[in-house]
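1. My questions concern the predicted model and sequence given below.
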Amino acid sequence: MSDDAVLWLLGDQLNPDLDALADADEVLLIEAHGFADRKPYHAHKLTLVFSAMRHFRDALRDRGHDVSYVKAESFGEGVDGFLADRPDAHLRLMRPASHGAGDRLRELVAERGGSLELVDNELFWTTPADWREWTGEPGEEATRPVVGEDGSADSRYRQEGWYRYVRRETGVLMDGDEPVGGEWNYDDLNQETPPDDWEPPERPRFDPDELTRETHEWVRERFDTWGAESLDAFGWPVTREEAREALDAFVRDRLPSFGRYEDAMVEGEPFLSHSLLSPAINLGLLNPREPVRAVEAAYGERGVEPGAYDSDEGSAAGGSATTLDAFGEGEREDGNAGAGDADLPPVPLNAAEGFVRQVIGWREFTRHVYREAMPELATADRLGQSRGLPPAYWDGDTDMRCLSEAVGHVREYGYAHHIERLMVLSNVALLYGTDPAALNEWFHLGFVDAYHWVTTPNVVAMGSFGTDVLSSKPYAASGSYVNRMSDYCASCPYAVSQTTGEGACPLNALYWDFLAENEETLRGTGRMGLMYSHLDEKAGAELDAIRERASAVRELAADGKL
């Protein structure tokens, strides 16, 4: 690599400790605006991205880097402006995560007389070579489409095998060749709902400074946005220092109760004990190694058995009434004082493992599936779903408590946690019959941590079952799942115990109708046999009534009257 190269960093590569920066005296940042003119992004998302870029610019200058910060409508105009006085400049860029972006930018620079060198992206823990070693497939990229025109995948990847491979290669939560605790996955201990008197730790919030407020005011004047207009609910870290504070707060306060209530949904509680670190990680403010190693270290210092500290039995796993008070002071089960800080609650193994799995298991996995399966992945529609999104996804106006809560969280914060994303927002759209690409775009516009490489495998493949490239069955569920994992149904005007009739939970009829509608595709899949045996019991008049109710629900949803 040439020594005089200018390092070009994108708006999701905002880490001042990159190896690429070590030899870079000169840095280029292009703040391109045109993408936000084309669609109504959440105001908090645009504020976060542009504010983080501007803070990063200032931080690099404080560190002694010569930073060219170019504001333009497009990357092409930005490169034109930069190369006007530097026609022979050589640029170096960490390969972007979005499909084809690196090659497009290299061509764009070459067309203007410069040159662009692509180097490895340091902000992922694993590399394409790691993926090829795991899959056993040679070559840097797939040589044939992984996803066919009908959405069926020629190559199918399963996260659990990848997760174990990465654990072994990185040594995270490993005891030699075996996982710490003897089990790879403690997900069965991470599916409890909190008791009524439980209160989650307070969300770490970073008050917007003057630069963020100026950026937000410009965003509101410059673009047509949706979601919360004010900064009252904005609290995301926009600097490296704030991101590290957010990580410290999670490990200190939220990690102990994260695992047990990871999949829960509670009315009026958008954050629970979730880390809220994905925006910072996806912007590059945190390298993914940092939160994983921090959680691993916290378990090493404060760790207890999975499911430990049940408030009913003191130490038995599997209880259902754990509160933060149960993670109190005192000795750990192994007789050692916890954590070097006696007032810090201990970290159950299921909490630490659950978080690690989210990052090196799922985040890294979906990134590689995206690389392999694009561009076909973006338009995959195995079930032939073609409806547009119901208006409730934009205005939150629905009597369905689960949907109004989840959409409300997105509108106010640009955020909803992973179960709301999968089992409410994606599930309702799936059962309704929404075009996967339309749902994918909505996620991309609305979530502060959303990028194309993130949303496409999660929304199109997993949430919409547009392809079976990463899951063997659709994540479809009736109201009983929402009732089990939340307190939403208790205050919902629709009756979760009913399937037909005007007051019946919309999810119930939609679920059975979805199975009937897609029987030819789904009945033969590996894990759908039991569901279809239940559907067979509803043949005749009962199924006719279900399908009539489902049709009425879809009509109400389309008219914004659900």
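-> Thanks, I have it.

2. C-alpha from now on. contacts and neighbour counts both.
-> Fine.

3. which residues of the protein score low on pLDDT?
-> Scanning the chain for pLDDT under 70 picks out 1-3, 138-144, 309-342, 526.

4. just so I have it, where are all the strands in it?
-> For the chain, applying DSSP state E gives strands covering 6-8, 26-32, 66-72, 90-94, 115-119, 174-175, 178-179, 303-304, 347-348.

5. Just put those in CSV and tack on mean neighbour count and distance to residue 488.
-> Formatted as CSV, the strands of the chain follow (neighbours: other CA atoms under 10 Å; distance: least, CA to CA, whole Å):
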stretch, mean neighbour count, distance to residue 488
strand 6-8, 24, 47
strand 26-32, 21, 41
strand 66-72, 17, 45
strand 90-94, 22, 44
strand 115-119, 18, 48
strand 174-175, 14, 38
strand 178-179, 16, 36
strand 303-304, 24, 32
strand 347-348, 30, 28
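
6. TSV for those strands, including distance to residue 47?
-> Output for these, formatted as TSV (distance: least, CA to CA, whole Å):
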stretch	distance to residue 47
strand 6-8	21
strand 26-32	12
strand 66-72	15
strand 90-94	24
strand 115-119	28
strand 174-175	40
strand 178-179	41
strand 303-304	38
strand 347-348	34
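
7. Ok, which of the ones you listed comes nearest residue 161?
-> Residue 161 sits nearest to strand 178-179 of all the strands of the chain, at 13.5 Å, using CA to CA.

8. what residues does the closest one touch?
-> Under the criterion CA atoms under 8 Å, 6 or more residues apart in numbering, residues residue 173 lie in contact with strand 178-179.

9. ok, it: who's next to it in the sheet?
-> Its sheet considered, strand 178-179 pairs with strand 174-175 (antiparallel) by DSSP bridges.

10. any idea how far residue 116 lies from residue 477?
-> Counting by CA to CA, to the nearest Å, the separation of residue 116 from residue 477 is 48 Å.

11. same check, this time on residue 559
-> Distance from residue 559 to residue 477, by CA to CA: 23 Å.

12. Comparing those two, which shows the higher neighbour count?
-> residue 477 (19 against 12; other CA atoms under 10 Å).

13. out of everything not next to it in sequence, what's closest to that one?
-> residue 511 (6.4 Å; CA to CA, 6 or more residues apart in numbering).

14. roughly how far apart are that neighbour and residue 537?
-> Distance, residue 511 to residue 537, by CA to CA: 15 Å.

15. which one of the two has more residues nearby?
-> More crowded of residue 511 and residue 537, by other CA under 10 Å: residue 511, with 24 against 10.

16. how deep is residue 166 tucked in, by neighbour count?
-> 21.

17. close enough to count as contact, it and residue 361?
-> Yes. Contact criterion CA atoms under 8 Å: residue 166 and residue 361 qualify, at 7.4 Å.

18. Tell me where the longest helix sits in the protein.
-> Longest among the helix segments of the chain by residue count, using DSSP state H, is helix 43-62.

19. how big is the angle separating that helix from strand 26-32?
-> On the basis of axes from the mean of the first three to the mean of the last three CA atoms, to 10 degrees, helix 43-62 is oriented at 160 degrees to strand 26-32.

20. now the angle between strand 66-72 and helix 43-62, please.
-> Using the same axes, to 10 degrees: helix 43-62 against strand 66-72 is 150 degrees.

21. what's next to stretch 468-478, contact-wise?
-> Applying CA under 8 Å, 6+ apart, the contact partners of stretch 468-478 are 146-147, 151-159, 369, 422-423, 427, 430-431, 461-465, 507-511, 522, 525-528.

22. how about 7 Å then?
-> Residues outside stretch 468-478 that contact it (CA atoms under 7 Å, 6 or more residues apart in numbering): 152-153, 155-158, 427, 461-463, 465, 507-508, 511, 525-527.

23. go on, stretch 537-553?
-> By CA under 7 Å, 6+ apart, stretch 537-553 touches 499-501, 506, 509-510, 513, 562.

24. residue contacts, the nearest residue to residue 74 once chain neighbours are set aside?
-> Counting by CA to CA, 6+ apart, residue 32 is the residue found nearest to residue 74 once chain neighbours are left out, at 4.9 Å. Neighbour list for residue 32: 71-75 [criterion: CA under 7 Å, 6+ apart].

25. With distance to residue 23 added, can I get those in TSV?
-> Output for these, formatted as TSV (distance: CA to CA, whole Å):
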residue	distance to residue 23
71	25
72	27
73	29
74	27
75	24
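
26. and the gap between residue 30 and residue 238?
-> 17 Å.

27. Residue 467 now?
-> 35 Å.

28. Neighbour count: the two, which is higher?
-> Neighbours were tallied for residue 467 and for residue 238 using other CA under 10 Å; the higher tally belongs to residue 467 (32 against 27).

29. How about residue 486: what's its closest non-neighbour residue?
-> Leaving out its chain neighbours, the residue that sits closest to residue 486 by CA to CA, 6+ apart is residue 265, at 4.5 Å.

30. The one you found touches residue 483, doesn't it?
-> No. The pair formed by residue 265 and residue 483 falls short of the contact definition of CA atoms under 7 Å, at 9.5 Å.

31. more neighbours, these two?
-> residue 265 (27 against 16).

32. got the contact list for stretch 190-197?
-> 259-264, 320-321, 485-486.

33. Make a PyMOL selection of whichever of the residues you listed turn out to be buried.
-> To isolate the buried ones among the contacts of stretch 190-197 in PyMOL, judged by 16 or more other CA atoms under 10 Å, type:
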select buried, resi 259+260+261+262+263+264+320+321+485+486
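
34. I'd like the contacts of stretch 190-197 laid out as JSON lines, including distance to residue 184.
-> Output for these, formatted as JSON lines (distance: CA to CA, whole Å):
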{"residue": "259", "distance to residue 184": "14"}
{"residue": "260", "distance to residue 184": "16"}
{"residue": "261", "distance to residue 184": "19"}
{"residue": "262", "distance to residue 184": "17"}
{"residue": "263", "distance to residue 184": "18"}
{"residue": "264", "distance to residue 184": "22"}
{"residue": "320", "distance to residue 184": "22"}
{"residue": "321", "distance to residue 184": "25"}
{"residue": "485", "distance to residue 184": "23"}
{"residue": "486", "distance to residue 184": "27"}
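
35. Just give me the closest of the contacts of stretch 190-197 to residue 277.
-> When the contacts of stretch 190-197 are ranked by distance to residue 277 (CA to CA), residue 262 comes first, at 14.4 Å.

36. That closest one: what's it in contact with?
-> By CA under 7 Å, 6+ apart, the contact set of residue 262 is 190-191, 274.

37. and which of those residues is nearest residue 9?
-> Nearest to residue 9 among the contacts of residue 262, counting by CA to CA, is residue 274 at 29.1 Å.

38. Tell me the spacing between that closest one and residue 479.
-> To residue 479, residue 274 is 24 Å away according to CA to CA.

39. What segments of the stretch 201-350 of the chain are helices?
-> Secondary structure of the stretch 201-350 of the chain, counting by DSSP state H, counting those that start in this stretch: helices at 210-222, 240-249, 255-258, 278-283, 289-302, 349-356.

40. now do the stretch 451-562 of the chain
-> For the stretch 451-562 of the chain, applying DSSP H, counting those that start in this stretch gives helices covering 452-455, 479-485, 506-517, 519-522, 529-536, 541-558.

41. Show me what the first one is packed up against.
-> Meaning helix 452-455. Contacts defined by 3 or more CA pairs under 7 Å, 6 or more residues apart in numbering; DSSP states H and E place helix 452-455 against helix 364-373, helix 436-446.

42. for it, which positions count as buried?
-> 452-455.

43. And the longest one, by the same measure?
-> Burial within helix 541-558, assessed by neighbour count using 16+ other CA under 10 Å, is assigned to 543, 545-554, 557-558.

44. Can I get these in TSV including distance to residue 408?
-> Output for the buried residues of helix 541-558, formatted as TSV (distance: CA to CA, whole Å):
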residue	distance to residue 408
543	33
545	32
546	29
547	29
548	29
549	26
550	24
551	25
552	24
553	21
554	21
557	17
558	19
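
45. tally of neighbours for residue 196?
-> Using other CA under 10 Å, residue 196 has 9 neighbouring residues.

46. for residue 452, what are its contacts?
-> Contacts of residue 452 by CA under 7 Å, 6+ apart are 98, 444.
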